[in-house]
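K.L.:
Quick check, what structure comes out for this input:
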Amino acid sequence: MPRTRFFRAFAPLLLAGTIPMAGNAAPQSGTPNPRGPVAKTWEEAYARLKPLNAPRRPNSVDPSTLDGKVVTGYQGWFFAEGDGSGKGWAHFGGRIFKPGVATIDMWPDMSEASPGERYPTEFRHADGSVATVFSSYNPKTVDRHFRWMAQYGIDGAFLQRFGSELRQPASYDAVNAVMENVRRAANANGRTWSVMYDLSGLRAGEIDSVVKEDWKRLVDKARITRDAAYQHHRGKPVVTIWGVGFNENRPYSLEECASLVDFLKNDPVYGGNTVMLGVPYYWLAQTGDAIKGDDFHELLKKVDIISPWSVGRYRSTPDFERKIAQVVKPDIAWCKENHLDYMPVIFPGFQWKNLQINRHQNPQSDLIPREGGAFFWSQGSGLITSGARMLYVAMFDEIDEGTAIFKVTNDPPVGESEFGTYGGQPSDRYLWLAGQLSQALKKHSVPPTAPPKR
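P.N.:
Residues are numbered from 1 along each chain as shown. Okay, here's the model as predicted:
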């Protein structure tokens, strides 16, 4: 089993080309974003970074603290032919997206999408109708996603920002376009958002040259921490650094990570932030996926929040329940002793059959069943009962690896590519469960061990 961000399949957004459509294309076609194609030059990309001037909706989520919140990871890396970006089918299939060639393992529920959000594909449902997908480049779709968060009581999102996507103007501008959509959607729907830097794929020295420089631009040009919806904690803007302390010979060093932490916390211009570290699941014992050494724990003591990556570290409800005594309670005790907050990760299940087929690898590897929602609920319930005061859900829209909690269809396309479903459960099953966990946190109540009935 891979030990890294189980399983951040491909950090860079895949470049994609145009594919021919079948003769009976859908009557509707997704609308191109009037923003136009992604930038070709750094000058163009930088010029598009601007402050957000948008009103905050009344009765919004309190952005001043993470305490009592359920926040979900938001990939935002799906692009479609016709969305105006020029990136083709990024993260749906790559340069080609057709039956037999797909990298997603679940099909999004498009029943609520407007015609302008539906991008037709070569895939067909069982009744012969054209299967459509969304694009994260489309602001209406991102707004819809945040509207779902508001509807079900999910407090906000950690927007994934891969360092490896910040090296070239086209990919840099693409992630900024999605960030712009997220900023507006969070404000419009009363949710919070913050940046989560994923260091996966960075080379030695690039934490300074890529990540630090990017943060300076986000503060100076986009002024993101002044957004009314930007998540704060302990009175400061939240910035997450994911990928610190894994024992897989990552090219960047722990010293570079420590320098980034110091910069984000103490720089006279760009510091003053609350820093959360995404670390290995076995960070405390320094076994399994974690590096060894006192310097790792010393770095952790300098941050504000620790978030261990649990995806793939247990595979069933009984397996997780054993981890409460073995891992969770010692984690919480150490964090309390060192005056740190603890934000554990919960996930609904896992599958990546189509992605593995596309990579010419074992298509059945690492399947983790959802157990009808019981697996997801047991994690949230067990963690809250053990003393966790905030939860990170992985992920909102991750259909590449089957960890999505947003609405996916129980009527996916048929044919050469097979797609998983929620097993007959309503498409909003996991949105609703996440909202129930959020309610329990806010009420300081102990959730039942079994998923509640609607």
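
K.L.:
Against Lys336, how distant is Tyr137?
P.N.:
Per CB to CB, to the nearest Å, Tyr137 is found 43 Å from Lys336. C-beta coordinates here come from the backbone N, C-alpha and C atoms, glycine included.

K.L.:
So between the two, which is more surrounded?
P.N.:
Neighbour count, other CB atoms under 10 Å: between Tyr137 and Lys336, Tyr137 has more, with 27 against 12.

K.L.:
contacting residues for the more buried one?
P.N.:
Going by CB atoms under 8 Å, 6 or more residues apart in numbering, Tyr137 touches 33, 35, 79-80, 83-85, 87, 174, 177-178, 181.

K.L.:
Checking it next. Helix, strand or coil?
P.N.:
Secondary structure state of Tyr137, per DSSP: H, G, I helix; E, B strand; the rest coil, is coil.

K.L.:
can you give me phi and psi for it?
P.N.:
When read as degrees, to the nearest 10, the backbone of Tyr137 gives phi -80, psi -20.

K.L.:
now do Met179
P.N.:
The phi/psi pair for Met179 (degrees, to the nearest 10) reads phi -60, psi -40.

K.L.:
do you know how far Ser438 is from Asp319?
P.N.:
25 Å.

K.L.:
List the buried residues of stretch 357-367.
P.N.:
357-358, 363, 366 (16 or more other CB atoms under 10 Å).

K.L.:
Which pair in those has the greatest spatial separation?
P.N.:
Across the buried residues of stretch 357-367, no pair lies farther apart than Asn358 and Asp366, at 15.1 Å, counting by CB to CB.

K.L.:
what ranges do the strands span in the chain?
P.N.:
70-74, 119-124, 130-133, 156-162, 192-198, 232-233, 236-242, 274-280, 305-309, 341-342, 345-346, 391-393 (DSSP state E).

K.L.:
what's the distance between Ser386 and Gln326?
P.N.:
Between Ser386 and Gln326 the computed distance is 12 Å (CB to CB).

K.L.:
Please identify which of the two sits among more neighbours.
P.N.:
Shown here are Ser386 and Gln326; by other CB under 10 Å, Ser386 has more neighbours (15 against 12).

K.L.:
Please name the nearest non-neighbouring residue to that one.
P.N.:
Nearest non-adjacent residue to Ser386, counting by CB to CB, 6 or more residues apart in numbering: Val328, 5.2 Å away.

K.L.:
give the contact list for the one you found.
P.N.:
Val328 neighbours (CB under 8 Å, 6+ apart): 344, 382-383, 386, 388.

K.L.:
If we use 10 Å, what do you get?
P.N.:
308, 310, 320-321, 342, 344, 379, 382-383, 385-388 (CB atoms under 10 Å, 6 or more residues apart in numbering).

K.L.:
and those, which are buried?
P.N.:
Burial by neighbour count, judged by 16+ other CB under 10 Å, picks out 308, 310, 320-321, 342, 344, 379, 382-383, 388 from the contacts of Val328.

K.L.:
Identify the farthest-apart pair in those residues.
P.N.:
Most distant of those, by CB to CB, are Glu321 and Tyr342, 18.3 Å apart.

K.L.:
still on that earlier bit, just name the closest of the buried residues of stretch 357-367 to Asp267, please.
P.N.:
For those, the closest approach to Asp267 (CB to CB) belongs to Asp366, at 39.7 Å.

K.L.:
For the closest one, report the pLDDT, please.
P.N.:
Looking at Asp366, its pLDDT stands at 72.

K.L.:
likewise the one 5 residues further on?
P.N.:
The predicted local distance difference test score for Glu371 is 97.

K.L.:
just the one 5 residues further on next, same as before
P.N.:
In the predicted model, Phe376 carries a pLDDT score of 98.

K.L.:
burial of it, as a residue count?
P.N.:
By other CB under 10 Å, 25 other residues sit near Phe376.

K.L.:
do Gln436 as well
P.N.:
Neighbour count of Gln436, defined by other CB under 10 Å: 20.

K.L.:
Look up how far Ile384 lies from the closest residue to it other than its chain neighbours.
P.N.:
Of all residues not flanking Gln436 in the chain, Pro452 sits nearest, at 5.8 Å (CB to CB, 6+ apart). Counting by CB to CB, the gap from Pro452 to Ile384 is 13 Å.

K.L.:
quick one: low-confidence parts of this structure?
P.N.:
Scanning the chain for pLDDT under 70 picks out 1-28, 365.

K.L.:
show me where it has helices.
P.N.:
Here the chain has its helices, by DSSP state H, at 42-47, 139-152, 169-188, 206, 213-217, 254-266, 294-300, 317-323, 329-337, 353-358, 374-386, 429-443.

K.L.:
could you dump those helices to CSV with distance to Ala126?
P.N.:
Below are these laid out as CSV (distance: least, CB to CB, whole Å):
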stretch, distance to Ala126
helix 42-47, 43
helix 139-152, 25
helix 169-188, 32
helix 206, 47
helix 213-217, 45
helix 254-266, 49
helix 294-300, 51
helix 317-323, 32
helix 329-337, 46
helix 353-358, 18
helix 374-386, 28
helix 429-443, 21
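
K.L.:
Out of the ones you listed, which is closest to Ala102?
P.N.:
Smallest distance to Ala102 across the helices of the chain (CB to CB): 4.6 Å, for helix 353-358.

K.L.:
count of neighbours near Asp62?
P.N.:
The burial count for Asp62: 12, using other CB under 10 Å.

K.L.:
Same check on Lys302?
P.N.:
Lys302 has 15 neighbours, counted by other CB under 10 Å.

K.L.:
Does it touch Val275 like I think?
P.N.:
Yes: proximity of Lys302 to Val275 meets the contact threshold set by CB atoms under 10 Å, at 8.2 Å.

K.L.:
tell me, what's touching these two both at once?
P.N.:
Common contact partners of Lys302 and Val275 (CB under 10 Å, 6+ apart): 261-262, 265.

K.L.:
Which members of those are classed as buried?
P.N.:
In these, burial by neighbour count holds for 261, 265, counting by 16+ other CB under 10 Å.

K.L.:
Without its sequence neighbours, what residue ends up closest to Ser194?
P.N.:
Leaving out its chain neighbours, Ser194 is closest to Gln231 (CB to CB, 6+ apart), at 4.0 Å.

K.L.:
mind listing what that neighbour touches?
P.N.:
The neighbourhood of Gln231, defined by CB under 10 Å, 6+ apart, consists of 61-66, 69, 71, 155-158, 186, 191-195, 225, 237-240, 274.

K.L.:
Out of the contacts of Tyr137, which comes closest to Asp127?
P.N.:
Nearest to Asp127, judged by CB to CB, of the contacts of Tyr137 is Ala80 at 22.1 Å.

K.L.:
Give the burial count for Pro51, as a bare number.
P.N.:
Using other CB under 10 Å, Pro51 has 12 neighbouring residues.

K.L.:
How about Lys69?
P.N.:
23.

K.L.:
For it, grab phi and psi.
P.N.:
Backbone torsions of Lys69, given as degrees, to the nearest 10, read phi -110, psi 150.

K.L.:
so it touches Gly435, yeah?
P.N.:
No: here Lys69 lies out of contact with Gly435, judged by CB under 10 Å, at a distance of 11.7 Å.

K.L.:
Please consider this matter closed, and thank you.
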